[in-house]
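1. Provided below for reference: sequence and predicted model.
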Amino acid sequence: MADAFVSFAVQKLGDFLIQQVSLLTNLRDEVTWLRNELLFIQSFLRDAELKQRRDQRVQQWVFEINSIANDAVAILETYSFEAGKRASRLKACTCICRKEKKFYNVAEDIQSLKQRIMDISRKRETYGITNINYNSGEGPSKLQVTTLRRTTSYVDGQGYIFVGFQDVVQKLLAELLKAEPGRRVLSIHGMGGLGKTTLARKLYTSPDILNSFHTRAWICVSQEYNTMDLLRNIIKSVQGRTKETLDLLERMTKGDLEIYLRDLLKERKYLVVVDDVWQKEAWESLKRAFPDSKNGSRVIITTRKEDVAERADDRGFVHKLRFLSQEESWDLFCRKLLDVQAMVPEMESLAKDMVEKCRGLPLAIVVLSGLLSHKRGQDEWQKVKDHLWKNIKEDKSIEISNILSLSYNDLSTALKQCFLYFGIFPEDQVLGADNIIWLWMAEGFIPRGEERMEDVAEGFWNELIRRSLVQVDYTFWERVIACRVHDLLRDLAIEKALEVNFFDIYEPRSHSISSLCIRHVIHSQGERYLSLDLSNLKLRSIMFFDLEFRKMSLINFRSVFQHLYVLYLDMNMSVVPDAIGSLYHLKYLNLRGIRDVPSSIGNLKNLETLVVNEGEYFCKLPRETADLINLRHLVAQYTKPLVHIRKLTSLQDLEGVSCDQWKDVDPVDLVNLRELRMTNIKKSYSLNNISSLKNLSTLILSGEYDNSSPFPSLEFVNCCEKLQKLWLDGRIEKLPHLFPNSITMITLLDSELMEDPMPILGRLPNLRNLQLSKASYEGKEIMCSDNSFSQLQFLHLHDLEELERWHLGTSAMPLIKGLGIHNCPNLKEIPERMKYVELLKRDYML
């Protein structure tokens, strides 16, 4: 892991030498020496990191390298910032004496770093740390990792519950659907990693459940919970997230929320999943809000604790999840192995021994399978077994911990950083792929090269999924949109992060946090955290996940957070102080609850990602936002038009702009824009200027909330030569006759088309995924003629209530492999050939 810190420092030192062309010769020589010395030290780090697990002295050596690398970056950033301010303030009339004094201070700091490097070089010889081939150790090489491509598809998010538990699913479905009018609680309990949440999700998404319970909600409780937040989340799931609802919920007390939810549910037959309950008090604090209207409503609870399950409901049903048998364990292992055919008998014998050590725990089995999938040949598998057996004990939890740790140790340095980052987030949180990728980029985990950093980062993301270290939560358009990290793997990430001072989570009870970490995480009591002495820290990232914290004025931006790259504020706020504009190095900024963003944000010239509210509230973005020349991702629902948005030439993702704002935009200079999401589309505004976006690959257009106005002409779409994914949510008077041949995915919702769209869509030569949903077509029949849909693999027909007949030509859809048909009540039958195609679950966009 130290290699990550050093690599980052080497990159920053190189950038500094390029940017600061006017450096005095002696200072340039010092910086060059420092960079070269860190490059040399880097070659020893793999050996050191392997030895530090057994030798406390080596661990300290690695820590000192981390510290030097971080201090080097902080010194140069401070110099660059102060030099930039001075240059803009005094122009060419800078005082020579003051300038020389600043150079002297920087040189003095670098001399101190040089002395520290000489000291650790002597210690390296003392501790026997040898220069080894960096890519000869475990894990994929840097080259292999950076060339992982974005194109991997994940259309199967089913997980591992279907091995050995088919009978359990049917048994629990019968309990949920039993003709008992009283509200009942079904409790599922068992140790972590057995698949409680996956089983609950299988029940939650079952077609029988969807047909029986039209009101459903899912909440995660976890060890640290806030009852008011849980109640709000259920209400949002049931009622939606309109601005009026969100404002109302923020003003309510706990008692008000309970009454409001009871009134909301009392006339409905509902199913609520209360996932990951640790204390019986958590359920007790919620159950008063769930009325018993004698209509067959149900609650599912998952918990690790038997007493919580047993006491949830006197009339409820309790199911203890069992471990897998040896046969089931082996079946699961083989299903998750990427290349079963390459497993010769000798390798099979090794694998069975290792699977046996998983003791029937599904999580351990899939992680082990993910690890071995990346090892080639019997010798490599033997090495894994040798590591697994080393120092192992008969304690079941120790064995499982070793399996998980072994998979972590097998990762490259870059992937280790990315995996550890998951430990930062609160337990059971659903994590969006784009958000994680943008954070990795801001932190410097993603190498710069010929490929877009976003594509390389998505390769990292997919690799962690392939290794079963993160779990797919949601896929759309054949891409993973969101994931979760299992509690045991999150615990592993936190444990490993603390070992190398990767991040630290503020502990309110001891009122302490590590001063050695450059990343601080606050899950609660943010005001107490800010009362600590933070003045001497060189923090790189700070992340608040504290919805109770509202006093932004307590944050001393100028002195405490001046080196920040990441500022993540997931807390209820209304105003951001102007001082936020002093965070010159900031690359990622996430703000929640903000109504007004200060004009000082225009000073953040290094900002790459700005996320405000994520769709919950509208905010006002100042005109100065257009000065963020390095901005790549802008996600905000804002009320002021950005008339100078064309200045944002680095912009790659734009989400939240409304149609009446876009009319004033000249997009000709947005040469890098790949994804555009626009709302409130009206017929009165033309969208033809979208055709100027020559690199646009994803276009998502949504009409007005009440669907009162149709879309304007969509003929411009054919001019978007690189467009691959198109989402149209709103009334369309006439479908364009021509689409670009590059289109691979199309979704139509609430289009109210009267003319069959299939003859037009069937001609698209590269269309792989088509979804028609929510009255997108109001005709009675669809016609898919011979030779149409030549590349189509997935077809979704949802909520087409008028559809009666589907005609399918003999040679149409030759590659189809997934079919989803839901709530098409008048469709008499599907074509005979489609009856043998795999059925898909409902697939909505987040």
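-> Looks like it came in fine. Numbering: from 1, shown residues only.

2. only C-alpha atoms from now on, for both contacts and neighbour counts.
-> Fine.

3. domains for this protein, by residue range?
-> Taking automatic domain parsing as the domain assignment, the record places the domains of the chain at 2-126, 142-157+337-493, 166-320, 744-846.

4. include mean pLDDT when you put those domains into a markdown table, please.
-> Listed next are those as a markdown table, based on pLDDT from 0 to 100:
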| stretch | mean pLDDT |
| --- | --- |
| domain 2-126 | 66 |
| domain 142-157+337-493 | 80 |
| domain 166-320 | 88 |
| domain 744-846 | 90 |
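
5. for Pro622, find the nearest of the ones you listed.
-> Pro622 lies closest, by Cα to Cα, to one member of the domains of the chain: domain 166-320, at 21.2 Å.

6. number of nearby residues for Thr747?
-> Burial of Thr747, expressed as a neighbour count using other Cα atoms under 10 Å, amounts to 20.

7. closest to Ser708 out of the domains of the chain?
-> The closest of these to Ser708 is domain 744-846. By Cα to Cα, the value is 11.1 Å.

8. quick one: end-to-end distance for stretch 724-743.
-> Distance between the two ends of stretch 724-743: 4 Å, counting by Cα to Cα, to the nearest Å.

9. so how far is that stretch off the chain centroid?
-> For stretch 724-743, the separation from the chain centroid amounts to 28 Å (computed by Cα atoms, centre = their mean, to the nearest Å).

10. kindly report the same for stretch 464-481.
-> The answer for stretch 464-481 is 10 Å, by Cα atoms, centre = their mean.

11. mind listing what's buried along that stretch?
-> 464-481 (16 or more other Cα atoms under 10 Å).

12. over to stretch 327-346?
-> For stretch 327-346, the neighbour count (16+ other Cα under 10 Å) marks Glu328, Ser329, Trp330, Leu332, Phe333, Cys334, Lys336, Leu337, Leu338, Met343 as buried.

13. His798 and Asn823 touch, don't they?
-> Yes: contact criterion Cα atoms under 8 Å: His798 and Asn823 qualify, at 5.9 Å.

14. and the two? Which one has more around it.
-> Counting neighbours by other Cα under 10 Å for His798 and for Asn823 shows that His798 has the greater number, 20 against 14.

15. and the more buried one, how far from Gln42?
-> Distance, His798 to Gln42, using Cα to Cα: 55 Å.

16. also Ile110?
-> As it turns out, when the distance is counted by Cα to Cα, Ile110 lies 19 Å from Gln42.

17. now swap in Glu802 and tell me
-> Glu802 sits 66 Å away from Gln42, taking Cα to Cα as the criterion.

18. before we move on, what about Ser349?
-> Taking Cα to Cα as the measure, Ser349 and Gln42 are separated by 39 Å.

19. out of those two, which sits in the more crowded spot?
-> Per other Cα under 10 Å, whichever of Ser349 and Gln42 has more neighbours is Gln42, with 20 against 12.

20. measure that one to Asp71 for me?
-> Noted for Gln42: a distance of 16 Å to Asp71, by Cα to Cα.

21. again, but for Ala442
-> 18 Å.

22. likewise for Leu651?
-> According to Cα to Cα, Leu651 and Asp71 sit 31 Å apart.

23. who's more crowded, these two?
-> Between Leu651 and Asp71, counting by other Cα under 10 Å, Leu651 is the more crowded of the two (25 against 17).

24. quick check: Ile219 touching Leu271?
-> No: the pair formed by Ile219 and Leu271 falls short of the contact definition of Cα under 8 Å, at 11.4 Å.

25. more neighbours, the two?
-> A count of neighbours by other Cα under 10 Å puts Leu271 above the other of Ile219 and Leu271, at 25 against 17.

26. isn't Leu735 right up against Pro712?
-> No: Leu735 sits out of contact with Pro712 when judged by Cα under 8 Å, with a separation of 10.7 Å.

27. just say helix, strand or coil for Ile821.
-> Classification of Ile821 by DSSP: H, G, I helix; E, B strand; the rest coil places it in strand.

28. Arg519 pairs with what?
-> Residues found in beta-bridge contact with Arg519 (criterion: DSSP bridges) are Ser541.

29. could you say which helix or strand contains the closest residue in space to Ala179 that isn't next to it in sequence?
-> For Ala179, the nearest residue in space outside its immediate sequence neighbours is Gly296; the separation is 7.1 Å by Cα to Cα, 6 or more residues apart in numbering. Assigned by DSSP states H and E, Gly296 belongs to no helix or strand.
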